[in-house]
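Engineer: Give me the fold of what follows.
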Amino acid sequence: MNLYKEARAIALEAWKETDKNLDDAQDFIHQSCDSHEVSIYWGKGIQFCSYVDTSDGESYLDGCGGIAQEGDSFGQIACRIAFATLLCASMSCLEEISKALGKQVKVVE
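Structural biologist: Below is the predicted model:
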C-alpha cells in the first residue's frame, strides 16, 4: 500500500463528503482511519507497519499517552500504530487540499 495515495484518497473523500467543511472533514478522516483494514486486522496492521515509515504515527501516539497499553498483543500495537500513521498522513493531505482549494477560490473571486 502506498501511504500517500491512500491518505490522499481518504482526505479527498472527506473533503467532498463534508461539503468542504474542515472540521467535519477531520471527523470523517478520523472515522475512516479508525475503520480502515490496517486499523482492524492484525495481519494488515503488521504488514502496513513493516512497509511504511510509522514515525509520525508513533509520535502522535506518544503524545496521546503511549503506543502500547498493558496487556496489548503485538497485533494490537501494530494496528494502533497503523491507525495513527494513516491518520497523520490523511490529516496532512487534507491540509494540502484545503490550502490548494482555498487559493483557487481566492483567484476565482
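Engineer: contacting residues for Glu13?
Structural biologist: Phe28, Ser32 (CB atoms under 8 Å, 6 or more residues apart in numbering). C-beta here means a position set from N, CA and C on the backbone, and glycine is covered the same way.
Engineer: That one: which element?
Structural biologist: For Glu13, the host element (DSSP states H and E) is helix 3-17.
Engineer: What are the buried residues along that helix?
Structural biologist: Leu3, Glu6, Ala7, Arg8, Ile10, Ala11, Ala14, Trp15 (16 or more other CB atoms under 10 Å).
Engineer: Can you check what angle separates the helix or strand that contains Lys99 from helix 3-17?
Structural biologist: If you go by DSSP H and E, Lys99 is part of helix 74-108. Here helix 74-108 runs at an angle of 60 degrees relative to helix 3-17 (axes from the mean of the first three to the mean of the last three CA atoms, to 10 degrees).
Engineer: So which residues make contact with stretch 85-96?
Structural biologist: 3-4, 6-8, 10-12, 14-15, 22, 25-26, 29-30, 32-33, 36, 38-39, 48-49, 52-54, 56-58, 60.
Engineer: Hmm, I typed the wrong one, I wanted stretch 41-58.
Structural biologist: By CB under 8 Å, 6+ apart, stretch 41-58 touches 1, 3, 37-39, 67, 73-76, 78-89.
Engineer: Against Cys79, how distant is the most centrally placed residue in the chain?
Structural biologist: Centroid-nearest residue in the chain: Leu87, 1.8 Å away (criterion: CA atoms, centre = their mean). Leu87 is 12 Å from Cys79, where distance means CB to CB, to the nearest Å.
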